[in-house]
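Undergrad: Okay, here's the prediction I keep looking at, along with the sequence it came from:
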Amino acid sequence: MICELQNIVKEYPLPAGGGSLTILDGISLSIGKGESAAIVGPSGSGKTTLLHIAAGLDLPSSGSVLIDGSDISKMGERDLAATRNSKVGIVFQQHSLLPQCTLLENALMPTLPYRHKAGDAALRKRAVNLLERLGLQKRLSHFPKQLSGGELQRAALARALINRPIILCADEPTGSLDKAAALEMGRLLREINKEEGTALLLVTHSEKLSAEMDKTLELSGGKLNAKN
Amino acid sequence: MPKTDAAKDAPIERRGRINFFWNLARRNALFYLGGNILFCAGCAASAVILAGALLIGSSLKSSIRGLFQYRLGGVEWVAASSSGHFRESIADSIAAQLNVSAAPILPLVGSAGSIGGGGSVHRVNIIGIDERFFGLGARGTSLQNLADDSRDIANAPFDGNFAIVNSALAKKLSININDQIILRFKATGTLALDAPFGSRDDPAALRLPVAAIADSSQFGDFSLRTEHFTVYNVFVPLKLLQSANNTPSMVSTIIIGKSNNKSISRIDQSMPITDKSIAAAIQNSINIKDAGLSLRRIGTDGDFEIRSDRIFIDDALKAKIANAIPMSLPVSSWFVNSINKSYNSTPYSFVSTPPKPCSIGSNQIELSEWAAHDLNALIGDTITLTYFVPSQTSGLRVDTAAFIVSAIHKDTVSWLDESLMPPYPGLADAGSCTDWNPSIPIDLGRIRPKDEAYWDRHGGTPKAVIGYEDAARIWGNRFGVCTAVRIPAHSVNSISVIYGVNNGIDGIDDITSADSLSTGKIEAAITSSLTPLDCGIRLTNIRANADNAVNSGMDFAPLFVGLSFFTFAASLLLIWLLSALQIKSRANERYALMAMGYSRRHILQIYLSEGFIVFSIGTTAGILLSPLYTLAVISALKTIWRAAAQTPALNLHIDTASMLYGSVAAFLCALAAMMIPVLSATKIRRGKAPSLDINKKISRAWIHLISSSTVVVLIPLLLLLANAAKSRSASTLFFLFGTILLIAMLNLISAAIDIIKSNASTKALTMRRFILLNISREKRRVLGEIMVLACALYVLGTTQLFQHYALEGQAQRSSGTGGFLWYGELNAGIPKEQTGAAFLRERGINVEDSSLLPLAMRMRDGDDASCLNLNRSETPALVGVNQILLDSIGAFSFSSTISTADKNHPWLILESPPKSKNTVYGIADANTIEWGLGKSIGDTLRYVNDAGDTLSVVLAAALKNSIFQGKAIIAESDFVRHYPSISGYRILLLSPVSAAVGMDSIYTDDNAIKNNAAINDNIFRNNNISASDKRIAAAFQSFHDNSGLQLESTAERLNAFNSVENTYLSIFAVLGMMGLMLGCAGMGIIVVRGIEERRREFALLLAQGFGVRAIKRMLFSEHAAIALAGALAGLLPAMLASGAEFKASSVARIICLLFIVLSCGIGSIAIGLWARMPRSRDLIGVLKEE
């Protein structure tokens, strides 16, 4: 399995001595290579929290998160960051591109903190290819403020894919896009999932997008259930 | 918010990984330009403060070092006698032996006045010099420089009658070349004032034309004192001053420098000149004349007699002579008031000890036939002698002693002759009894014709003889009783002399005369046993002393660092606040980086690199600006803050190391301040829910509240204790406790915010509560804001509360003035009887004893150890006081004493028996002990007494903020015991008299006194003193003007000392104002940034029906509450920290201060609101975006 969540529990304390609020209550989930899964559910159900835990951005109160067989919930901060960098690609609802960097620089950003076997030139070539594939070949030297929402989200996707992750975690990737851009984004995600074998775990409110995934899981009351 | 387009920057991705962080940091630095400019400014401010503080310290040190260089010129060593004079030829001898430059000088202290009403200056150095003096000046100094201006010097250097004045004195007296100057000084060649028959002559006077004015580069500011005060010098030809001082060919000081003689051989040059070699050269140069001794042959037996030019040969010297010549016999001759037998009395006669070996029993007296006849005395009769002896402290007392007549000598006894009479001034040189003019009170009416006849026939031939042991017992005093040492002629052959260096002794080389040979043998024998200390000569490495004084002196660097502490803290807090704001606004960026797999370390590296670039620029700006800041402070130190440095000789000295250290420290502190919020923001929170429940949180908040309150209460108590103990670390404690108090206040407010937050869900929401919740939302930022203001107010508050004003309570005995109104120092000692009301009455001024309390004190000159002197003093001026009188009137207050002192009578500790012969207890001002001397209670000051022994003064008590700053006080009895050569009283304290004396009844010649310009200046200018008190003071000053008395109001004197501390406080206040400006700027920035951050919130409020004005009001209330909390957080610790010094009069100043701070704080809030508060339509735009 590429990603395996085992009995994940996430709790938050309540104010005024009210005990704690359990957001995720013993959730288990697994995604294999080339698989895709969509997590749906009402607002506040803990979808983003679950995605962040799966991506190693957040840690569960209890339970294990296995990425490529390694339990990232027990990792130290440095190893966790390295795992995120090399094995996980993340796309947010908002693009979160660095405004001070060009699209190409943003795409290359994940390649910089760690040494890569591929040289700088090879990495740059991959970034350019990715951006070209996502239709941004004319925008390489543009800054985020010069791009549309759809373009920004595609650039964020390129950035997430630059290190060839084994799993792509997308948090409402089409949430801030118009219909056309959302369709295009969905297409790209599926394409990458299928062509490169990258596992895809996404959180979405879009029924259309979720329907295109291999499986759709509904998070409600802290429990994850398969949705027909 | 993006401020610039970075598109033209070099692409990041083309560089390697290492360069990546730098390139990204550079890009970020430009992208967040607005915020980074503020960072730069904060860092530059802190670098300027720190580097500037260090630069001020190094500049001051360099300036003082330069000043000493000018004052000492090429002088390296000084051989000086504190108690007498020695031959000037010793200088030649030293120069010849060591190939060094040596110049004899005769330095005296006196007054200088100009003819024509230019006033007079007291405590002027009148220095007798010859042509060798200027050879020791700084490089380039020569007599020729001065001769260019003066034909007198050029034609007859140091042979004529002229004076050279230094430019400071010339300016003070408004005199020019060829003007006349009058010099008055107490001749030091006469017998000590306090000694029996001591000289009461008026001060000597010289009227001389000014031949040249020498500036500091021309050695005009020559001074051997390690002080930086302005010196007033008059240089007079050595021979002329020696003559006026009654010390021909004698000097009291030799200045020695390394030779500039190029002709010295390489071997000589390679021989180092050390203290030891110079001491050896002095040892080789001295002879008996340098110990004040002279040898003469007397009587028909051809015996030799050694006499002293000080009349009395002290016991140590007597012992040396006895050691060198065992056959020598001490002789004592005393002038007695009367020799009595029953009702018969012979007035004013000399009584001597026998000059020949003679067995006179104890309490036995042998009379001359004349005396026996006059008294009708027979062998076995009882005879009483009545005589004056010096009392233990001052003046003379009459004493009597009874003897049994054991023999009556024929008047023809060969050894009972006139040669036994010592050369008492006023007696030995009198032709007849009516010409007698001794310094002791005598009644010439008691002298009978037969006494006159005896004097005419026998002169001062003693009329009675007693044993030496009896003489020592009854006449014993601190000056000695031995008036001569006789050496029988027949014993000379038995004297063994090691002939080596002849030390300039006459007769050694002249062996043609047996008499000369004998004289030479005796002198050589005594000389061989003498050391320079026996002659009072002490060698000092003055260069090392000066270096030491500079190095251990007042260091302005830590002082200014200390004074700038809270301002520096405010600038760092500002950086911290800005960083906290920026880190929050960049949360998305940080989160994206984390998602990309950037570890915390990577993120920190990015921020650190960014900070490195920004703060490097800020630090560079700080380095460039710090000399300007230093120049501004130095300029202030020379003008408005002159009291702090007390010297105009201050210049900027660029010290790269100081600038570097300060800047690097500021850079690191700024980086740390910036990184604290970054570290906090990038902290990875583990997945588990916090175990601490809300109740525990509330409990913890209350614990914080209570513990902080306890600290706030406890710290002032500790400060009070520290203040009471007046320990050396009191100032350190002030900063430490101040910091703790501020932190405690911060903790207190933090706890209060926590409680507000914790109760959020349990209390009903009101507008006030909503404001409080808004404040509590960004707790750390709010605390930072509060702290910046608190730091500034703490500084400003304490500076106001610690200010000293001597005029408050000056009349009280317990005050720093001791309740005395006037304080005066004299150039030369005056007798005690000239310090009281009786003295004024004798001069026709009607002042009752009960209406005037004079307190006269003795003084040995020393370094000024007051806070006016920047250099650390080793031996402050030593003052001998009447501790019983001071105790009885309860004068002055003490801040601390040693444990054995009686707390109710601390003055009496001076009476405590010394631990050893040369150890006494002393008292000094607390500030002097701490700052001037760098010591504490129980420490010891070491002096050298007249006998050449070390006198240890154990500091037993500390006076609280008194007029005695800079001096060490011992009991008068100890003073006279250790310094018999220092005569008279040189400090005069006068108590108020106005209540007891009618103004009009004081003077007979009021105009004469009022016409004296100097008196008018010093005395009549003070409007707080009654006219009658001023006139009493003016009378004293007028009558003692020749002795250089300079009276000043005690309150003014104390204020002069306080002005130093007050000036430091002013500097502190100015730096506090800088902190306040930073605080207000920070507050404005935070208001602006807060508005930016909360636009969505405001838009929502607008949507809910809030008006823009209501939102503004809410925002204003939030920040005003923060400003008020900041003001209180600073003010309360300030008041608590200075609780011991708190005065009601300070309340007004504090209220004023609070008003200023709040005005500034609230003003900055208002400006921020006005500048950045979005209008209604802008907020609607934000809503649309939502």
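TA: Alright, I've got the coordinates. Residues are numbered from 1 along each chain as shown, chains lettered A, B, ... in the order given.
Undergrad: Residue of chain B closest to chain A, please.
TA: Nearest residue of chain B to chain A: residue B:597, at 2.2 Å (C-beta to the nearest C-beta). No exception for glycine: its C-beta is placed from N, CA and C like everyone else's.
Undergrad: Give me the pLDDT for the closest residue to that residue other than its chain neighbours.
TA: Among residues not flanking residue B:597 along the chain, residue A:85 sits closest, at 2.2 Å (C-beta to C-beta, 6 or more residues apart in numbering or on different chains). On pLDDT, residue A:85 comes in at 89.
Undergrad: so residue A:85 makes contact with residue A:163?
TA: Yes. Assessed by C-beta atoms under 8 Å, residue A:85 is found in contact with residue A:163 at 6.2 Å.
Undergrad: what sits in contact with each of these two?
TA: A:110, B:597 (C-beta atoms under 8 Å, 6 or more residues apart in numbering or on different chains).
Undergrad: For these two, indicate the residue with more neighbours.
TA: residue A:85 (24 against 21; other C-beta atoms under 10 Å in any protein chain shown).
Undergrad: So the more buried one versus residue A:70, what's the distance?
TA: Using C-beta to C-beta, to the nearest Å, residue A:85 is found at 14 Å from residue A:70.
Undergrad: Please tell me I have it right and residue B:405 contacts residue B:372.
TA: Yes. Counting by C-beta under 8 Å, residue B:405 touches residue B:372, with 7.3 Å between them.
Undergrad: shared neighbours, the two?
TA: residue B:378.
Undergrad: Next, the contact list for the residue of chain A found nearest chain B, please.
TA: Nearest residue of chain A to chain B, counting by C-beta to the nearest C-beta: residue A:85, 2.2 Å away. Contact analysis of residue A:85 by C-beta under 8 Å, 6+ apart lists A:110, A:113, A:114, A:163, B:596, B:597, B:598.
Undergrad: Tell me which two of the residues you listed sit farthest apart.
TA: Pairwise distances across these (C-beta to C-beta) peak at 12.0 Å, for the pair A:163 and B:598.
Undergrad: Show me what secondary structure element comes after the helix or strand in which residue B:307 is found.
TA: According to DSSP states H and E, residue B:307 maps onto strand B:303-308. Downstream of strand B:303-308, the next assigned helix or strand under DSSP H and E is helix B:315-324.
Undergrad: Next, the residue sitting nearest the centre point of chain B: phi, psi?
TA: By C-alpha atoms, centre = their mean, chain B has its centre lying nearest to residue B:865, at 2.0 Å. Main-chain torsions, residue B:865, degrees, to the nearest 10: phi -100, psi 10.
Undergrad: Report the buried residues of stretch B:571-590.
TA: B:571-583, B:586, B:589-590 (16 or more other C-beta atoms under 10 Å in any protein chain shown).
Undergrad: Tell me if it is near chain A.
TA: Yes. Applying C-beta under 8 Å from any C-beta of the partner chain, one finds stretch B:571-590 touching chain A at B:588, B:589.
Undergrad: Which helix or strand contains residue B:956?
TA: Assigned by DSSP H and E, residue B:956 falls in strand B:950-959.
Undergrad: How about residue A:10?
TA: Using DSSP H and E, residue A:10 falls in strand A:3-13.
Undergrad: who does that strand pair up with?
TA: Strand A:3-13 has the following sheet partners, assigned by DSSP bridges: strand A:20-31 (antiparallel), strand A:62-67 (antiparallel).
Undergrad: who touches it?
TA: A:19-31, A:46, A:49-50, A:53-54, A:58, A:60-67, A:167, A:199, A:201, B:687-690, B:693-694.
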